[in-house]
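Colleague: Give me a 3D structure for the following:
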Amino acid sequence: MKIIHTADLHLDSRMNRHFDDAKAAQRKNELLSTFQNIVHYAVSNGVDAILIAGDLFDMRSISATARDVVISAVVNNPGITFFYLRGNHDAGSFLNDFRERIHGNLPENLKLFGETWTTYPFRGSDGTEVLITGAEVTKDNNSALEASLALNQAKMNIVMLHGQEADSAGGHDVGSDFAVIPIRAYRNRGIDYLALGHIHQPKIAQLDARGTYSYCGCPEGRGFDEIGPRGFNLLTIEDGHLDVRFVPFAQRIIYDISVDVSTSLTNDDAIALIREEMENAGILAKDLVKVRLVGETELDVHFDKAYIAHILNDTYYLVRVKDGTRPRIDYDKFAADMSLKGEYVRMVKAAADRDELSESEASEMIALGIRLLSGEERLS
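Modeller: Numbers count the residues shown, from 1 in each chain. Reported below is the predicted structural model:
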């Protein structure tokens with residue numbers, strides 16, 4: 001038996017935080033096509049079920065396109081059973097829209113969960129049997145769920161939940177709309193695999209001597225806080241043994257790299273180093289990259305982040321540049337300098353010596369001041 005564990009697809013995300021209108025629309029559609037590709041993978045690889053552990057959608061209001069993509073995936077693939085547990089972003093209106101769209105009851109291959117534990121006995125195409133149990137966690141039912149979970153420990157048990165991992169007792173984060181999942185409360189309860197959603201970073205860890213718990217992460221990174229490979233978990237159950245494997249599947253990977261530009265004197269020098277680092281990291285033209293410039297540079301070296309990003313964006317899908325360099329300051333050079341620049345450097349150094357400024361603050365102030373006095377910068 002093969003089962004896919006996915007979550008946090010966030011279909012219908014606006015995607016306008018990091019992208020212009022054209023790329024936002026493209027990435028929004030790519031989220032939908034990634035969901036379709038996961039289903040196609042399931043069909044092509046003999047997968048029996050897809051677990052969706054919350055946040056299938058991003059907003060309460062669902063577009064007709066996203067709604068129809070999901071409905072078509074379920075209706076047109078009766079050989080795959082979809083276990084859909086809603087997360088904090090999901091809305092119940094989707095299920096009403098589903099019923100209206102197909103003019104009847106929900107299909108047999110769509111299994112849902114409520115606010116108390118629901119268990120589905122499930123038999124795969126190879127005859128393997130598992131029990132799939134889940135509940136939608138709210139601020140009112142969390143404690144009761146922890147106490148009321150009762151599993152047949154003689155069976156293979158998969159449990160689905162959506163919320164933030166924690167070691168302590170469950171509950172709701174103050175000011176948030178998501179639940180806290182106390183991992184300790186689910187140890188030694190007969191769970192073979194705890195399928196979680198909400199955290200977007202993939203993680204597979206030991207639950208107890210018997211079981212594993214996992215956040216499969218989001219299948220597509222949506223911003224520069226979701227770096228690295230993204231995909232889903234593939235569960236293979238055979239002869240009473242459960243194997244879990246993360247399958248990288250994202251259409252684009254988001255990277256965050258640091259490039260030491262200490263030896264660079266110009267923007268083009270820095271660009272050459274960045275291209276080399278990207279090539280060494282295996283970054284493809286379709287990917288997204290945040291580039292952090294680091295190192296110490298001479299006072300008269302100034303990197304134009306917009307220009308560097310503009311040049312690199314001709315090659316890569318999206319590049320953002322952050323300048324984290326520090327100026328290399330030879331204080332002795334300015335000790336006897338009677339110009340305005342020398343006076344300014346001595347004044348800032350004196351403030352740093354009195355611990356009124358940190359070393360980094362003093363360096364930044366001196367670098368900016370020198371550029372202003374040289375006419376390279378203007379105060380806005």
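Colleague: count of residues packed around Leu293?
Modeller: Leu293: 22 surrounding residues under other C-beta atoms under 10 Å. C-beta coordinates here come from the backbone N, C-alpha and C atoms, glycine included.
Colleague: my bad, should have said Met338
Modeller: 8.
Colleague: how about Tyr331, what does it touch?
Modeller: Listed by C-beta atoms under 8 Å, 6 or more residues apart in numbering, the contact partners of Tyr331 are Val345, Lys349.
Colleague: Over to Asn37?
Modeller: Phe249.
Colleague: I'd like the next helix or strand past the helix or strand containing it.
Modeller: Per DSSP states H and E, Asn37 falls inside helix 21-44. Downstream of helix 21-44, the next assigned helix or strand under DSSP H and E is strand 49-53.
Colleague: mind listing what that next one pairs with, with the direction of each?
Modeller: When pairs are called by DSSP bridges, strand 49-53 turns out to pair with strand 2-6 (parallel), strand 81-85 (parallel).
Colleague: Output the contacting helices and strands for whatever helix or strand His310 lives in.
Modeller: Using DSSP H and E, the secondary-structure element containing His310 is helix 305-312. Contacts defined by 3 or more C-beta pairs under 8 Å, 6 or more residues apart in numbering; DSSP states H and E place helix 305-312 against helix 267-280, strand 288-294, strand 318-323.
Colleague: repeat that for 6 Å
Modeller: Here helix 305-312 touches helix 267-280, strand 318-323, going by 3 or more C-beta pairs under 6 Å, 6 or more residues apart in numbering; DSSP states H and E.
Colleague: Pick the most buried one from these.
Modeller: Across the helices and strands packed on helix 305-312, averaging neighbours per residue (mean count of other C-beta atoms under 10 Å) puts strand 318-323 on top, at a mean of 19.
Colleague: Run the angle between it and helix 305-312 for me.
Modeller: Relative orientation of strand 318-323 versus helix 305-312 (axes from the mean of the first three to the mean of the last three C-alpha atoms, to 10 degrees): 150 degrees.
Colleague: So what are the sheet partners of the very next helix or strand once past strand 318-323 and their directions?
Modeller: Scanning forward in sequence from strand 318-323 by DSSP H and E, the next helix or strand is strand 326-328. Strand 326-328 sits in its sheet next to strand 296-298 (parallel), going by DSSP bridges.
Colleague: can you pull the buried residues of the strand it pairs with?
Modeller: Neighbour-count burial for strand 296-298 flags Thr297 (criterion: 16 or more other C-beta atoms under 10 Å).
Colleague: Repeat that for stretch 242-252.
Modeller: Using 16+ other C-beta under 10 Å as the test for burial, stretch 242-252 gives Leu242, Val244, Phe246, Val247, Phe249, Ala250, Gln251, Arg252.
Colleague: could you dump stretch 16-36 to CSV, C-alpha only?
Modeller: Taking Å, rounded to 0.1, in the frame of the first residue of the first chain, the C-alpha atoms of stretch 16-36 are listed here in CSV:
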residue,chain,number,x,y,z
ASN,A,16,1.7,39.4,-4.0
ARG,A,17,4.1,39.8,-1.1
HIS,A,18,7.2,38.9,-3.1
PHE,A,19,6.0,39.1,-6.7
ASP,A,20,4.8,41.6,-9.2
ASP,A,21,1.3,41.1,-10.7
ALA,A,22,2.4,38.8,-13.5
LYS,A,23,4.6,36.5,-11.4
ALA,A,24,2.0,36.5,-8.6
ALA,A,25,-0.6,35.2,-11.1
GLN,A,26,1.9,32.6,-12.5
ARG,A,27,2.8,31.3,-9.0
LYS,A,28,-0.8,31.2,-8.0
ASN,A,29,-1.5,28.9,-11.0
GLU,A,30,1.6,26.9,-10.2
LEU,A,31,0.2,26.1,-6.8
LEU,A,32,-2.9,24.6,-8.5
SER,A,33,-0.8,22.7,-11.1
THR,A,34,1.4,21.3,-8.3
PHE,A,35,-1.7,19.9,-6.6
GLN,A,36,-2.8,18.3,-9.9
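Colleague: and that stretch, how far from the chain's centre?
Modeller: Chain-centre distance of stretch 16-36: 15 Å, with C-alpha atoms, centre = their mean, to the nearest Å.
Colleague: So which residues make contact with that stretch?
Modeller: Leu9, Leu11, Met15, Val69, Pro219, Glu220, Gly223, Gln251 (C-beta atoms under 6 Å, 6 or more residues apart in numbering).
Colleague: So which bits of the helix holding His310 are buried?
Modeller: Those would be Ile308, Ala309, Ile311, Leu312, for helix 305-312 by 16+ other C-beta under 10 Å.
Colleague: same question, stretch 9-17
Modeller: Going by neighbour count (16+ other C-beta under 10 Å), the buried part of stretch 9-17 is Leu9, His10, Leu11, Asp12, Ser13, Met15.
Colleague: Then stretch 183-202?
Modeller: 183, 185-187, 189-200, 202.
Colleague: which sections of the stretch 151-300 of the chain are below the confidence cut-off?
Modeller: In the predicted model, the stretch 151-300 of the chain carries pLDDT under 70 at residues 168-178.
Colleague: for it, what spans make up the strands?
Modeller: Assigned by DSSP state E, counting those that start in this stretch, the strands in the stretch 151-300 of the chain fall at 157-162, 164-166, 171-172, 179-182, 193-197, 203-206, 212-215, 231-238, 241-248, 254-260, 288-294, 296-298.
Colleague: residues near the closest residue to Ala362 other than its chain neighbours, how many?
Modeller: Using C-beta to C-beta, 6 or more residues apart in numbering and skipping the chain neighbours, the partner closest in space to Ala362 is Ala352 (3.9 Å). As a burial measure, Ala352 scores 18 neighbours (other C-beta under 10 Å).
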